[in-house]
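Peer 1: next input, structure requested:
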Amino acid sequence: MKPAGTASAALARGQGIALWRQIAAAMETDIGAGKLGPGARLPTEAELSARFAVNRHTVRRAMEELEGRGLVRIEQGRGSFVAEDVLDYPVGPRTRFSETIRRQNREPQGRMVRIEELPAEAGVAETLKLRRGRPVVLAERLGLVDGRPVVLGSHWFSAARFPGIAALLAEDPSVTRALALLGVPDYRRQVTRITARMPTPEEAALLEQSRTRPVLVTEAVNVDPEGQPVEVSFACYAAGRMQIVVES
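Peer 2: From the prediction side, this is the model:
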């Protein structure tokens with residue numbers, strides 16, 4: 001028996017149209033008709049195999065097609081879901097995650113994944129105007145929208161300039177509030193570089209997305225009103241949920 005509220009499971013066999021294409025079309029019909037809303041969990045491969053009377057390889061090929069077109073997202077070990085609407089994320093002179101998300105009537109959240117003090121590598125040290133090997137604080141933060149992870153950010157700070165920032169971020173994951181408490185009430189984006197690549201296994205797991213789907217990566221430098229660097233950040237965005245909009 002086919003699941004209630006879904007398109008017919010009958011396939012046209014022997015008529016020159018690949019079965020996986022017909023399955024993909026049937027699933028697209030369900031999604032387009034609103035029978036499967038954004039974020040909804042899709043039936044398992046076994047359930048779809050039974051519904052359409054095909055093997056799992058055929059179902060898998062159909063799901064790969066839908067994922068490639070951005071209609072579904074496949075999460076290793078969790079299943080398949082209808083893709084949510086893609087959010088705009090403006091990047092400009094003053095970029096703040098929570099403010100940006102709330103302006104779109106969505107609920108932002110954040111949680112720290114890792115906080116530790118490390119010797120500064122060459123690139124980070126140069127950008128923060130430190131000697132190589134000087135202590136810096138690395139804070140990895142996962143940003144969520146309506147409970148769904150959308151960005152994994154790595155934030156680097158001078159440990160000497162911002163003593164206590166690790167403790168502040170461990171208590172409250174807001175970078176803006178931590179910097180304000182440490183004497184930097186406002187800061188601006190000096191430069192942003194944007195690239196795309198495939199995620200690492202850890203990034204894919206934290207962002208709850210397929211390892212075969214690209215992520216957008218930004219490298220940013222934030223400075224205080226005097227133009228001195230306060231933070232270097234590298235952010236990894238789930239491209240299927242966020243698109244970066246560059247503002248002047």
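Peer 1: for residue 235, see how far away the nearest residue to residue 28 once chain neighbours are set aside is.
Peer 2: Using C-beta to C-beta, 6 or more residues apart in numbering and skipping residues adjacent in sequence, the residue nearest residue 28 is residue 71, 6.2 Å away. (Each C-beta comes from the backbone N, C-alpha and C, glycine too.) Distance from residue 71 to residue 235, counting by C-beta to C-beta, to the nearest Å: 26 Å.
Peer 1: wait, doesn't residue 119 sit right on residue 131?
Peer 2: No. Under the criterion of C-beta atoms under 8 Å, residue 119 makes no contact with residue 131, lying 10.0 Å away.
Peer 1: so these two - more neighbours on which side?
Peer 2: Set side by side, residue 119 and residue 131 show more neighbours around residue 119, with 12 against 8, by other C-beta atoms under 10 Å.
Peer 1: residue contacts, that one?
Peer 2: By C-beta atoms under 8 Å, 6 or more residues apart in numbering, the contact set of residue 119 is 132-136.
Peer 1: again, but for residue 45
Peer 2: 56, 59-60, 63.
Peer 1: sitting in helices, which of those residues do you find?
Peer 2: 56, 59-60, 63 (DSSP state H).
Peer 1: PyMOL command to pick out the buried ones of the contacts of residue 119?
Peer 2: Selection of buried members from those for PyMOL, criterion 16 or more other C-beta atoms under 10 Å:
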select buried, resi 136
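Peer 1: any chance of the contacts of residue 119 in JSON lines with secondary structure, distance to residue 164 and pLDDT as columns?
Peer 2: Formatted as JSON lines, those follow (DSSP: H, G, I helix; E, B strand; the rest coil; distance: C-beta to C-beta, whole Å; pLDDT from 0 to 100):
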{"residue": "132", "secondary structure": "coil", "distance to residue 164": "24", "pLDDT": "96"}
{"residue": "133", "secondary structure": "coil", "distance to residue 164": "21", "pLDDT": "96"}
{"residue": "134", "secondary structure": "coil", "distance to residue 164": "17", "pLDDT": "97"}
{"residue": "135", "secondary structure": "strand", "distance to residue 164": "13", "pLDDT": "98"}
{"residue": "136", "secondary structure": "strand", "distance to residue 164": "14", "pLDDT": "98"}
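Peer 1: if anything else comes up later, I'll come back, but that's it for now.
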